[in-house]
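1. pasting the sequence and the predicted model now:
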Amino acid sequence: MAETQKQPVLKYLDYFFVLRPMLFYPGWSTLLAGYLITYKAYLYLAPEQMLSLDFQKIGLLFLIFAAAMGGSFLLNQLADVQSDLKNNKLFLISQGHIPRKNAVIEVVILFALALILAWRQGAEIFISVVLFCVITGYLYNFKPFKLKDRPWWSLWANMAMGFLAFCVGWFAAFPEFSRQLFIDALPYLFFNTALYFYTTLPDMEGDRASGKKTLAVQYGQKTIIIVSFILFLFSVGAAFWLKDFLALIIVVPAIPFFLLTLFRQDTSSTIRATKFTILFFAVAVCLKVPFYFLIMIAGFFATRLYFKRRFDFDYPNFKGKG
């Protein structure tokens, strides 16, 4: 990926945008879904309900989880240099814009920040963040575990990622563990897992060429799309069963995208469905926490501006391609 700008400021920003901040939003949205579970029966919050939210705590949780996600995404890129080159993606490390040594130092700083801040939020949140860092950072990417190269273990790891994001928010609202956590998480667990199956498809050829055994490589595109659609239906059913309006606002507008993907059976439809349903998730959260919309807009346009000015690259977008 050719550079179009040489300004030092833009090069320093590499160290932020290599963390893939646009992927923070699915994690933050799931975290907020857990935190707002008390209000699941409400389409939106009344002013007095909104004022009762602890925005300082929400901001701190965002910082903690952003550091945990950023460190994990960075480790993933460090472990995936060859396949990223073949798939022509995530080029900041694979094409040498950021030295590997510097990336490792950044990982250490991010994980340290996440764990130190999480420790002050209580045992349940701290344990959730530790598990997230261990599973998504180490077990997922490196030997002897390298779960991402083991099809079914990769699935369970990705399910754990979404569930732990929900846990962080849920424990911020309910400081003590309860089995209700698993019930409340069902619509989001099914939904995020359905999207995970979609995300395995765009890289299928590059993964096959580099010898990675993902579910998409092992079972093929048609099977992955059908399984994803079934999981999505479970998500819809769980949302209705639990009368969770936040989940319903997410899954109902997504129905046409999943149906279109089921009928077309092509990768571009899965990419478009993934992008728009993640957007629906974030917009649903915005109905209850409006300031989140400003964070989304700022992040989207800042990322677009950075990649356009730095590399003349069109990202992020809502097209049917990565």
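-> Thanks, I have the structure now.
2. those strands in the stretch 1-150 of the chain, which residues are they?
-> For the stretch 1-150 of the chain, no strands are identified by DSSP state E, counting those that start in this stretch.
3. which parts of it are helices?
-> Using DSSP state H, counting those that start in this stretch, the helices of the stretch 1-150 of the chain run over 8-17, 24-35, 47-51, 55-79, 81-87, 91-94, 100-119, 123-132.
4. can you put these in JSON lines and add mean pLDDT and distance to residue 293?
-> All C-beta spots, glycine's among them, are computed from the backbone N, C-alpha and C. Converted to JSON lines, the helices of the stretch 1-150 of the chain look like this (pLDDT from 0 to 100; distance: least, CB to CB, whole Å):
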{"stretch": "helix 8-17", "mean pLDDT": "81", "distance to residue 293": "21"}
{"stretch": "helix 24-35", "mean pLDDT": "94", "distance to residue 293": "11"}
{"stretch": "helix 47-51", "mean pLDDT": "86", "distance to residue 293": "13"}
{"stretch": "helix 55-79", "mean pLDDT": "94", "distance to residue 293": "14"}
{"stretch": "helix 81-87", "mean pLDDT": "60", "distance to residue 293": "32"}
{"stretch": "helix 91-94", "mean pLDDT": "72", "distance to residue 293": "28"}
{"stretch": "helix 100-119", "mean pLDDT": "95", "distance to residue 293": "25"}
{"stretch": "helix 123-132", "mean pLDDT": "97", "distance to residue 293": "25"}
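5. looking at the ones you listed, which is buried most?
-> Mean neighbours per residue, mean count of other CB atoms under 10 Å, is largest over the helices of the stretch 1-150 of the chain for helix 24-35, with a mean of 24.
6. identify the residues contacting that one?
-> Contacts with helix 24-35, where a contact means CB atoms under 8 Å, 6 or more residues apart in numbering, come from 58, 61-62, 65-66, 69-70, 161-162, 165-173, 184-185, 188, 192, 195, 246-247, 278, 281-282, 284-285, 288-289, 292, 296, 299.
7. and if we set it to 6 Å?
-> 62, 65-66, 69, 162, 165-166, 168-170, 172-173, 188, 246, 278, 281-282, 285 (CB atoms under 6 Å, 6 or more residues apart in numbering).
8. can you check stretch 103-113 too?
-> 67, 70, 71, 74, 75, 78, 93, 133.
9. same thing but at 7 Å, please
-> 15, 67, 70, 71, 74, 75, 78, 93, 133 (CB atoms under 7 Å, 6 or more residues apart in numbering).
10. same deal with stretch 179-194?
-> By CB under 7 Å, 6+ apart, stretch 179-194 touches 30, 33, 37, 159, 162-163, 166-167, 170, 228, 231-232, 234-235, 238-239, 242, 244, 247, 250-251.
11. and it, what's buried?
-> Using 16 or more other CB atoms under 10 Å as the test for burial, stretch 179-194 gives 181, 184, 185, 186, 187, 188, 189, 190, 191, 192, 193, 194.
12. swap in stretch 214-231?
-> Residues of stretch 214-231 classed as buried by neighbour count (16+ other CB under 10 Å): 214, 215, 216, 217, 224, 225, 227, 228, 229, 231.
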